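Peer 1: predicted model, plus sequence, below.
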Amino acid sequence: VQLQASGGGLVQAGGSLRLSCAASGRTFSSYTMGWFRQAPGKEREFVSAIKYSGDTTYYADSVKGRFTISRDNAKNTVYLQMNSLKPEDTAVYYCAASFKGGSYNWWGQGTQVTVSS
């Protein structure tokens, strides 16, 4: 599966952005989809994921209550709605795919999110 992330940009603290990740292929509904981020000088970290069935979501503690992950299997797209953004959310955000909950073996190219204070 090929992934294309978009929607990043520059926003002030407290603002919102919605990231999208479009996937190729006809079996999108078989993939658990995740969002990860990597800030300068830091390791890549998990942000959120949504199970292939769409009925279960996961969030890092740092974004819980502010970010919402969703998916539209008809459009082969997963979204990350980010509200109440903080400067510490600044990072390159990557979407990734895991076949039925296995390892994240497919990665998008990343989209930059910059939150100014």
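Peer 2: Nice, thanks for sending it over.
Peer 1: helix or strand for the residue nearest the centre of the chain, which one?
Peer 2: Nearest residue to the geometric centre of the chain (C-alpha atoms, centre = their mean): residue 35, 2.9 Å. Using DSSP states H and E, residue 35 maps to strand 31-38.
Peer 1: on contacts alone, who are the packing partners of that strand?
Peer 2: strand 17-23, strand 45-50, strand 67-72, strand 77-82, strand 91-99, strand 104-107 (3 or more C-beta pairs under 8 Å, 6 or more residues apart in numbering; DSSP states H and E). For every residue, glycine as well, the C-beta is placed using N, CA and C.
Peer 1: and residue 60, which of these is closest to it?
Peer 2: strand 45-50 (5.5 Å; C-beta to C-beta).
Peer 1: and the following helix or strand past the closest one, which strands flank it?
Peer 2: As assigned by DSSP H and E, the chain's next helix or strand after strand 45-50 is strand 57-59. Each strand that pairs with strand 57-59, with its direction, by DSSP bridges: strand 45-50 (antiparallel).
Peer 1: what is the orientation angle of the strand it pairs with with strand 67-72?
Peer 2: Between strand 45-50 and strand 67-72, the angle comes out at 40 degrees (axes from the mean of the first three to the mean of the last three C-alpha atoms, to 10 degrees).
Peer 1: ok, and what's touching strand 45-50?
Peer 2: Strand 45-50 is contacted by residues 32-38, 56-60, 63, 67, 69-71, 78, 80, 93, 98 when judged by C-beta atoms under 8 Å, 6 or more residues apart in numbering.
Peer 1: now those residues: which count as buried?
Peer 2: Among these, the ones that count as buried by 16 or more other C-beta atoms under 10 Å are 32-37, 59, 63, 67, 69, 71, 78, 80, 93, 98.
Peer 1: and the residues you listed, which is closest to residue 18?
Peer 2: Nearest member of these to residue 18, counting by C-beta to C-beta, is residue 80, at 7.0 Å.
Peer 1: list the contacts for the closest one?
Peer 2: 18, 19, 21, 35, 47, 48, 67, 68, 69, 93, 95.
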